[in-house]
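> got a predicted structure here, sequence first:
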Amino acid sequence: MPEVIFNGPAGRLEGRYQAPKKRGAPIAIVLHPHPQFGGTMNNQIVYNLFYTFANRGFAALRFNFRGVGRSQGAFDHGSGELSDAAAALDWVQSVNPEAKSCWIAGVSFGSWIGMQLLMRRPEIEGFISIAAMANRYDFTFLAPCPSSGLFVHGSEDRVAPAREVMPVIEKVKTQKGVIIEHQMVEGANHFFDGKVDELTQTVDTYLDKRLGARDEVA
């Protein structure tokens, strides 16, 4: 899992990249939680999601947004971080020019950034959105949502309570031809403390349904 440095809009961005074994493999990018509240690419959920995709044969990238770790720049309240995510996708596509599809995964703040990227890049065909803070960030841009995907929340999330995010998800679900699923991890808080393995299994089960069993696509 080599360390990579690639150019972003505000300077160099630091990441970890897992190259695929097969040419033309799909791409997956994983976006971390809020930079000003300790979010980094080494967050346990981000780490697990990264390997969930890498183990399925994806070209997988996780990286630090501007101002985090060795990534240059400073926090930009979402606008700059969206540009960072676009630059990350550009970079992975540049080293995987035969890739025909892409998935985006994000955790908390990262899910908000990821869903905005989804709206701008038609090659993104699936998403995993963990602990989306639809009560604190505007997700109305998702109407209509162009791709199918999965939202996961913890039943004990006090930062983004499910009752506050469900109306947003229900609105998105009404789009024709797009299937949005929502799963709840019982007993989990916003950070999935003690429940990360259960969260990872929930994502794996969804990807099995969308992509086939792991040994069929790796």
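Great, that's in hand.
> buried sites along stretch 81-93?
For stretch 81-93, the buried set under the neighbour-count rule, 16 or more other C-beta atoms under 10 Å, comprises 81-89, 91-93. For every residue, glycine as well, the C-beta is placed using N, CA and C.
> stretch 64-75 now?
Buried residues in stretch 64-75 (16+ other C-beta under 10 Å): 64-68, 71-73.
> might you list the low-confidence residue ranges for the chain?
Low-confidence regions of the chain, defined by pLDDT under 70, span residues 1, 214-218.
> just want the phi and psi numbers for Val92.
Here the main-chain torsion angles of Val92 (degrees, to the nearest 10) amount to phi -60, psi -40.
> an error on my part: the question was meant for Ala131.
Note on Ala131: its backbone torsions stand at phi 50, psi 40 [degrees, to the nearest 10].
> mind starting the numbering at 47 from now?
OK, 47 is where the count begins now, so the last one is Ala177.
> Gly200 is in contact with that one, correct?
Yes: distance between Ala177 and Gly200: 6.8 Å, which falls inside the contact criterion (C-beta atoms under 8 Å).
> show me where this protein has its strands.
If DSSP state E is used as the criterion, the strands of the chain fall at 49-54, 57-64, 73-77, 105-109, 148-153, 170-176, 194-200, 226-231.
> note down every partner strand of the fourth one and its orientation.
The reference is to strand 105-109. For strand 105-109, the pairing partners within the sheet under DSSP bridges are strand 57-64 (antiparallel), strand 73-77 (parallel).
> can you check the fifth one too?
Paired strands of strand 148-153, with direction, are strand 73-77 (parallel), strand 170-176 (parallel) (DSSP bridges).
> also the last one?
Strand 226-231 has these partner strands in its sheet, going by DSSP bridges: strand 194-200 (parallel).
> quick one: distance of the partner strand to the chain centre.
Centroid separation for strand 194-200 versus its chain: 11 Å, with C-alpha atoms, centre = their mean, to the nearest Å.
> which of the residues in it are buried?
The neighbour-count check on strand 194-200 (16+ other C-beta under 10 Å) flags 195-200 as buried.
> quick one: these as TSV, columns for distance to Val92 too.
As requested, those are exported to TSV (distance: C-beta to C-beta, whole Å):
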residue	distance to Val92
Gly195	17
Leu196	16
Phe197	17
Val198	14
His199	17
Gly200	16
